[in-house]
Each structure stands twice: as C-alpha cells, then as structure tokens.
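J.: how does the following fold in three dimensions:
(2 chains)
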Amino acid sequence: MTTLEVRGLSINYLTDDGVALNAVEGLTFSLEQGRSLGLVGESGCGKTTVMLSLMRLLPEAGRIVNGQVFFEGRDLLQISEGEMQAVRWKDVSMVFQGAMNALNPVRTVESQIIEAMQLHNVVNSKQDARKRAGGLLELVGITANRGKQYPHQFSGGMRQRAVIAMALACNPRILVADEPTTALDVMIQAQIIELLEELQRELNLSLVLVTHDLGVVAEMCDDVLVMYGGTVAEYASSDTIFNNPGHPYTQRLLKAFPDIAEPGSDLASIPGNPPRLDSLPPGCRFEPRCHVGNGEPICLEALPPLVEIEPGHYVACHLVKGK
Amino acid sequence: MEKIPILRIEDLYKQFPVTRKFIDRIKRSPKQVVHAVDGVSFTVAQGEILALVGESGSGKTTVGMNVLGLQVPTKGRILFDGHDVSDWATGRLRSGKNGDGLGRLSRRKQILSLRRRAQMVFQDPYESLNPRQTIWEIVVEPLEIHNLGLRANEKEARVRAALEDCGLAPADHFWSRYPDELSGGQRQRVVVAGALVLEPELLVADEPVSMLDVSIRADILTLLQSLRKARDITIIYTTHDLATAGYFTDRMAVMYLGRVVELGPTVEVLKEPRHPYTQALVSVAPVPNPRKRRQRVILQGEVPNPIDIPSGCRFHPRCPIATDECKKTDPPYVEISAEHEAACLKI
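T.: Residues are numbered from 1 along each chain as shown, chains lettered A, B, ... in the order given. Sure thing, here's the model as predicted:
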C-alpha cells in the first residue's frame, strides 16, 4: 500500500525584495508502507526543503506553489492547520538535522518524550506516559531509568537515540530522518543505522532518509531519489542507482564517492558548483557541469521531464533514451 | 622504498589534567588526568601521505597538535628532520641538549624556521577564514609573520604560486575577493594555499574535507595528492573516514584510546585488517553499493573514557574475541609483514 505519494511538488522562496526563487521543481515520488527511500543530493539541492514541506513546516518565506502530498490518500496540502497538527508526529514524524543538539538542556530526557505524547493525547495518565517513555528508550537501546537524566549526561550517540525515541513516541507510520548519522562517529553511525533498520522491520515503519552520504543510502534504502538543483535527476531502486545509473549527475556523483571496498581506486570530482537559486540555468540545471551533453540546444532551453526509461527507473535527462 | 624519515615520533604521551571539584580538593582525592595520547611511536618518510584514523577521543588530533608544536608533549620525543622539536610549543631553550650549542636567540630563530616548515590545514573552511580579510591578505599573512625579508614582487610570486598550485588560477582573479564570494571548495583551497605559502615540508591536514560536499571532497583530496608530487610535501591526514583515507594515502595508522593499534600500507590495512578494532571499523564503513553489503561487526557502547584506560589491552572491554589474558597483558606490536604491524594478542 502506498503510504506517501508526492506529485509535482514545487516550492519557491520569496526574498525580501519579493523575488521568488525556485527551490524545488516538479518533485514526484511515492513510498510504500514499510519501505525506505533515500533522498540524496548536495547541499542546497532542496532535500531539506522537501522534507519540511511534507510536514508543512517550511519557514515563512517558503511557498508551496504546486503539487500534492498524499498521505494514505489524503492531500496534506489541502487540510487545515488544525488537522495537520494531528497528522504531524502521530502519522509522520521527523528526526531533524542536528536534532541531538536540539534537546532542551534543562529538562530530563523522559519529560521531553512525554511532552510529545501528551500533546497528541496518545496517553491517558502520567503513569502510562512514563511507562511508555521507558519502553521507547529501551526500544532504542537506552536503559529506561536513564530517562530521568538530563541531555548533557548523555553522549552524542545516546542523544541521537533519544531523539529517535521521541520521534517514535506517537507510533508514526512514516519517519523522516534528515542526516541522522552525519555528525556521529563511524561506530556510533553503524549502531544508529542498525537501530533504524531494526525499528523499520519491527514497527513496519516507512522511512525517508535525507542525506548526502551515498554509503548510508546504499546500506539502508530500498529506493533512491537523486536530487539536483531542486529537481529530480533520477529515481529508481537502490540497486539500479548504484549499479546502472542513467543520469549523468548520478554517474558523476558515484565516481566522486570513495568506496572502502576498493581502496586506491580513482576518484573524480564534478567540475563546477551546484547552481545557485538566484541564477538557475534556463534549461537542464545540470547542463553547465554535464560531461555527456555538449551544449545541445535542447539541454540549454528546456528542463528535462522525468521519463521512465525502464520499469521503475526514472531519469530526467534529454540525452538518455528509454530501452 | 627506503626513504629518510622526515618525522619520527618516539613514545609520545600527552595528558591533560582534569579540573577537580572543590570538594575533591578538600578530600584530597587523587588528581585525574585524561590520557589523550598514550605511548605513540611512528615515523613518516619524506614525501609520504600518512592517514591517522580513529573515532573522536582516539587522540589523532592531539598527535597532530603536538607535531606542530601547538601543544607540549607530556613525555616522549618528536624529531622533525632530525631536530628535537618536542618543546617548540613553548619556544623554550634546550640549548646544548642537541649538541648544537646555539644561544637563546638563535635557538628561537631555529624554532621559528622549523615551524615554517610544518603547517596545518584546518577542518572548517567556513570558520577558519577571516571574513574581513581578502584572499590576498589571508594568504600573505604567514609571510608577514615569519618576516622572511622578501621583496614585494617575491611575495607576490609566492602568493601566486600557492594559489595557483591550489587550483585558484589565475591568482589575480581571486586575491582581491573576500571569502564569502567563494564556494566551500574554493575556500578550502584558500586554506591550503595559506599553509603552502611558506613552502613547508610537512602538512598536517585535520579532517580537511569533512565539512565539504561529496562532489567537492575528491577535488581537495586530489589537490593534496598532487601537492605531494609537485612539491614533495609530506602529509599527515587525520580523519575518521576510512573511505577517503583509502583513496589517497600510502600508509594508515589506526588509533584507539591514545594508542596506535594497527599500522601498515593503506590498501593492505583496509583489505586485510588484522586488529579486531580495525576489522570492526572496516566492516561498518558504509559501502556505496547495495550488492556489496557486508556483515557488520558492531561494537557495543562507545570509546571508554580516556581518564580510566582499561587494564591490559585497552580494547578488551569491547573486543569480540577478547579472553582473560587480554585483561592482564598490554599487547606488544606483532609484525604481520615488513611494514604492517598490529597490537593484539590474538594475531
């Protein structure tokens, strides 16, 4: 069953001068219950903007100008703010980027988990809430009685676990995690990946993982969506993306990422820089850095549509033909 | 490949005192120290790139700081090109000790001249550049500080060469700009240029790419690699990322709790790690291909507190194959091949 479906989502940011900058254009994907989707791209490609818009938490300057976000058949962009509040955390919850530093330092970890449950009325009594908070902490591998401690008494990895416990407080169907392992040490990162995989299996969670780390995506995700300059460059199963990438950007990105299984192999970075929102190229946004195209008129003039080149494999490139 | 070691570290220790609470001082409870570096020895050959890898708290950054004289070692010797530089952080005289018989002033000059030969590349190019200085001012500053007595045109030539070697060509196009006009990758190039302008022989690069985007990382790593070729520079690359280290370094030293647990040629260490800690680290490093997913060896818990280092082998509380003997005996280095050694009783 499709839990989340995003169709043609476009988002603009308004500057102080009233200029609209196109941060996300025509984003489309869907997520089945219990599956995981990786959203990868460089900084500034719009991945965090997309995540915030799913929760309708865009900053004030952000405007959703087009598209639909269906959660179990209901368009989240059409419902009232009050209804949205019921969806947030209960149905779709989020682990924010750098969230482990966002815990309130003067309140115990447990009370911060309980707050989420009380706000959403998923518990009847304080006692019930404590019990559940303890259970959640155990679920993420922290002994329940440490919930009485303050965030500074936790290590970085434990804080990240606590934040994940908090995101699970209201039994969400979808967990959106924005760079959940980025600031962590290698071994702690592996522990968190393992934890997320376990939770996904046990709770049949759908997971959206936003990251720039292709390795983490390859380890965890069933499907991958590669974003470039606010558009979808390629969308396919994880196996296809990593072994049979269609879009020139995906190909270059993979070559730029070191593979520990092949030490000493060549790396090639992508020349140039990602486009700035205030000076987006009129045609394909990757055109200025593309190694396949040679300034073909169509690449310079038109934004390439997302085309299914083989079943389940979508590529947005004028030069890639279907099989 | 017999090369002269430009840097030799002998049994280096660095401890930091822990501030005691008032009550502890009254109770006269014993002073505690953090054992950041706890007996590290290795050599780096001229023109070599050595990776110093480990998790936070392993002491890798502290080793780099001591090498550059930004901290004073508690114990042990650091020989840079044959000179004992263990004390260069304080600039204190050790006249006569080296038998060089130099007086105070010339010794100080000697320290300065040695320092000029070893420079650092910092982690975060967004924070390590002064936003109110132009690129020219940033890169020329080391030359002013070291007062090399260069004429204006010589300075210009040095700055130009440093910037252009770092891929910022033509230099005139960049040097009147401010850091905020540059991209992250270009900023990191400026940081590297600032380190290069003194024409050092040793570069300590502390996580130089961890703040950069994936697509640009390879650029900076390739730049470091090309500098080695162009200028015969020796590089110590400290990182927690085994994959980037695997791409361009010659040898790798894996650190755990202040000690090097395994040291060897990079490709060999990554392909056939022998120490259980290295094996675990390699097994959990994410591989960018779902077909190559591996069985992860996940160590539970975290790196212990470097105040109380475990007895015997410091890794035994987390080691999947530890036995009773490991609790008692501090393992010596076992030679695996000519240049590859690891400290484990189970090898």
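J.: residue in the stretch 201-323 of chain A nearest to chain B?
T.: Closest contact between the stretch 201-323 of chain A and chain B, by Cβ to the nearest Cβ, is at residue A:215 (2.8 Å). C-beta here means a position set from N, CA and C on the backbone, and glycine is covered the same way.
J.: the closest residue to residue A:146 other than its chain neighbours - how many residues pack around it?
T.: Excluding the flanking residues, the one nearest residue A:146 by Cβ to Cβ, 6 or more residues apart in numbering or on different chains is residue A:137, at 6.9 Å. Using other Cβ atoms under 10 Å in any protein chain shown, residue A:137 is surrounded by 23 other residues.
J.: likewise for residue A:26?
T.: 17.
J.: wait, it touches residue A:10, no?
T.: Yes. At 6.0 Å, residue A:26 counts as touching residue A:10 under the criterion of Cβ atoms under 8 Å.
J.: joint contacts of these two?
T.: A:66-67 (Cβ atoms under 8 Å, 6 or more residues apart in numbering or on different chains).
J.: quick one: secondary structure of the residue minimising distance to the centre of chain A?
T.: By Cα atoms, centre = their mean, chain A has its centre lying nearest to residue A:210, at 2.8 Å. Assigned by DSSP: H, G, I helix; E, B strand; the rest coil, the conformation of residue A:210 is strand.
J.: domains in chain B, as residue ranges please.
T.: B:5-81+B:202-343, B:129-200 (automatic domain parsing).
J.: mean neighbour count and distance to chain A for those - can I get that in TSV?
T.: As requested, the domains of chain B are exported to TSV (neighbours: other Cβ atoms under 10 Å in any protein chain shown; distance: least, Cβ to the nearest Cβ, whole Å):
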stretch	mean neighbour count	distance to chain A
domain B:5-81+B:202-343	19	3
domain B:129-200	18	5
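J.: so, low pLDDT: which residues of chain B?
T.: For chain B, applying pLDDT under 70 flags the ranges B:1-3, B:88-108, B:110-111.
J.: and the strands in it?
T.: B:5-17, B:33-45, B:49-53, B:75-80, B:83-84, B:118-121, B:202-206, B:234-239, B:251-256, B:259-265, B:333-337, B:340-343 (DSSP state E).
J.: how about these in JSON lines, adding distance to residue A:66?
T.: Shown next, in JSON lines, are the strands of chain B (distance: least, Cβ to Cβ, whole Å):
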{"stretch": "strand B:5-17", "distance to residue A:66": "56"}
{"stretch": "strand B:33-45", "distance to residue A:66": "55"}
{"stretch": "strand B:49-53", "distance to residue A:66": "47"}
{"stretch": "strand B:75-80", "distance to residue A:66": "62"}
{"stretch": "strand B:83-84", "distance to residue A:66": "67"}
{"stretch": "strand B:118-121", "distance to residue A:66": "45"}
{"stretch": "strand B:202-206", "distance to residue A:66": "45"}
{"stretch": "strand B:234-239", "distance to residue A:66": "43"}
{"stretch": "strand B:251-256", "distance to residue A:66": "50"}
{"stretch": "strand B:259-265", "distance to residue A:66": "55"}
{"stretch": "strand B:333-337", "distance to residue A:66": "61"}
{"stretch": "strand B:340-343", "distance to residue A:66": "58"}
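J.: nearest to residue A:165 among those would be which one?
T.: Nearest to residue A:165, of all the strands of chain B, is strand B:251-256, at 29.1 Å by Cβ to Cβ.
J.: direction included, what does that closest one pair against?
T.: Strand partners for strand B:251-256, identified by DSSP bridges, are recorded as strand B:49-53 (parallel), strand B:259-265 (antiparallel).
J.: let's have these in CSV, adding distance to residue B:123.
T.: Listed next are the strands paired with strand B:251-256 as CSV, based on distance: least, Cβ to Cβ, whole Å:
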stretch, distance to residue B:123
strand B:49-53, 14
strand B:259-265, 22
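J.: just to revisit the earlier point, ok, the residue nearest to the centre of chain A - contacts?
T.: A:38-39, A:47-48, A:50-51, A:97, A:176-179.
J.: 10 Å instead?
T.: Residue A:210 makes contact with A:37-41, A:47-48, A:50-51, A:94-95, A:97, A:176-180, A:217, A:225, A:227 under the criterion Cβ atoms under 10 Å, 6 or more residues apart in numbering or on different chains.
J.: returning to what we had before: in which helix or strand would I find the residue of the stretch 201-323 of chain A closest to chain B?
T.: helix A:214-220 (DSSP states H and E).
J.: show me where chain A dips below the pLDDT cut-off.
T.: For chain A (pLDDT under 70), the answer is A:322-323.
J.: that one: helices as residue ranges?
T.: Remark: helices assigned in chain A by DSSP state H are A:47-54, A:81-87, A:109-119, A:126-139, A:156-167, A:186-203, A:214-220, A:238-243, A:248-255, A:297-301.
J.: tell me the buried residues in the third one?
T.: Of the residues in helix A:109-119, A:109-117 count as buried by neighbour count, 16 or more other Cβ atoms under 10 Å in any protein chain shown.
J.: which of those lies closest to chain B?
T.: The closest of the buried residues of helix A:109-119 to chain B turns out to be residue A:109 (Cβ to the nearest Cβ; 17.0 Å).
J.: what's the distance between the closest one and residue A:130?
T.: 12 Å (Cβ to Cβ, to the nearest Å).
J.: wait, isn't residue A:148 in contact with residue A:111?
T.: Yes. In this structure, residue A:148 is within contact of residue A:111 by Cβ atoms under 10 Å, at 9.0 Å.
J.: to residue A:272, which of the strands of chain B lies closest?
T.: strand B:118-121 (23.1 Å).
J.: partners of the closest one, with directions?
T.: Here, using DSSP bridges, strand B:118-121 pairs with strand B:202-206 (parallel).
J.: would you mind writing the CA trace of the partner strand as PDB?
T.: Taking C-alpha atoms only, strand B:202-206 is exported to PDB below (Å, rounded to 0.1, in the frame of the first residue of the first chain):
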ATOM      1  CA  LEU B 202      55.100  18.800   6.300                       C
ATOM      2  CA  LEU B 203      51.400  19.500   6.200                       C
ATOM      3  CA  VAL B 204      49.000  18.300   8.900                       C
ATOM      4  CA  ALA B 205      45.500  18.200   7.500                       C
ATOM      5  CA  ASP B 206      42.900  17.700  10.200                       C
END
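J.: next, the angle strand B:33-45 makes with it.
T.: Taking axes from the mean of the first three to the mean of the last three Cα atoms, to 10 degrees, strand B:202-206 and strand B:33-45 form an angle of 130 degrees between their directions.
J.: what's the angle from strand B:202-206 to strand B:234-239?
T.: Going by the same axes, to 10 degrees, strand B:202-206 makes 10 degrees with strand B:234-239.
J.: which residues touch residue 307?
T.: Assuming you mean chain A. A:246, A:313-318, A:320-322.
J.: chain B, not that one
T.: B:15-16, B:18, B:32-35.
J.: now do the strands in the stretch 201-323 of chain A.
T.: A:206-211, A:223-228, A:231-237, A:307-310, A:313-315 (DSSP state E, counting those that start in this stretch).
J.: pairing partners for the fourth one, with directions?
T.: When sheet partners are counted by DSSP bridges, strand A:307-310 sits next to strand A:313-315 (antiparallel).
J.: from the chain's centroid, how far away is the partner strand?
T.: 19 Å (Cα atoms, centre = their mean, to the nearest Å).
J.: what are the structural domain limits within chain A?
T.: According to automatic domain parsing, the ranges for chain A are A:2-91+A:172-315, A:99-171.
J.: could those domains go into CSV alongside distance to residue B:146?
T.: Output for the domains of chain A, formatted as CSV (distance: least, Cβ to Cβ, whole Å):
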stretch, distance to residue B:146
domain A:2-91+A:172-315, 33
domain A:99-171, 39
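J.: right, I'll leave it there.
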